[in-house]
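Novice: Here is a sequence together with a model predicted from it:
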Amino acid sequence: MTHLARSTTSAALAITLMGGLAVWTAGPARAAGFDGPWTVLIITEAGSCDQGYSFPIQISGGRVTSSSTANITGAVGRGGAVTVRVSQGGASASGTGRLGASSGFGRWSGKGSSGSCSGRWQATRS
């Protein structure tokens, strides 16, 4: 597989996962504590995806404001537990983790045209 194809798949997975980390269906009352700007770092630890990406996101009322066109579903529990599923084109990824008042972390795995990838994510309130 060419570097361009790997990069395209990696970018799609990272962008969709980045957006998914902040889009929750838990409702504004429970998610309001996470509102504001965040920076999410996607780190690939296994597979043929590029090593990492960093993206700014905005959370408002528990939902992310982003230019991503991905299909994103997920939830955050009262303690900040995050579950996410994202897809875009032929790529899909899922992630789990936890958000706190100013940072978060978790694991993700996905599959795209270059094969399976997995790793971790870190989020920091900007």
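Specialist: It's in.
Novice: Dig out what residue 117 forms beta bridges with.
Specialist: Residues in a beta bridge with residue 117, per DSSP bridges, are residue 47, residue 110.
Novice: element containing residue 43?
Specialist: Using DSSP states H and E, residue 43 falls within strand 36-47.
Novice: what's that strand packed up against?
Specialist: On a contact count with 3 or more CB pairs under 8 Å, 6 or more residues apart in numbering; DSSP states H and E, strand 36-47 meets helix 3-20, strand 52-60, strand 115-125. Every C-beta, even on glycine, is put in place using the N, C-alpha and C of the backbone.
Novice: average pLDDT for the second one?
Specialist: Strand 52-60 shows a mean pLDDT of 72 in the predicted model.
Novice: Now the strand holding residue 43 - C-alpha only, PDB.
Specialist: The C-alpha coordinates for strand 36-47 follow below in PDB (Å, rounded to 0.1, in the frame of the first residue of the first chain):
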ATOM      1  CA  GLY A  36     -15.300  24.400  25.800                       C
ATOM      2  CA  PRO A  37     -12.200  24.000  23.600                       C
ATOM      3  CA  TRP A  38     -10.200  20.700  23.700                       C
ATOM      4  CA  THR A  39      -7.200  19.400  21.900                       C
ATOM      5  CA  VAL A  40      -7.200  15.700  21.100                       C
ATOM      6  CA  LEU A  41      -4.100  13.700  20.300                       C
ATOM      7  CA  ILE A  42      -4.600  10.400  18.400                       C
ATOM      8  CA  ILE A  43      -1.600   8.100  18.800                       C
ATOM      9  CA  THR A  44      -1.300   4.900  16.700                       C
ATOM     10  CA  GLU A  45       0.500   2.100  18.400                       C
ATOM     11  CA  ALA A  46      -0.300  -0.900  16.100                       C
ATOM     12  CA  GLY A  47      -1.100  -1.200  12.400                       C
END
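Novice: Name the residues of stretch 118-126 that are buried.
Specialist: 118-123, 125 (16 or more other CB atoms under 10 Å).
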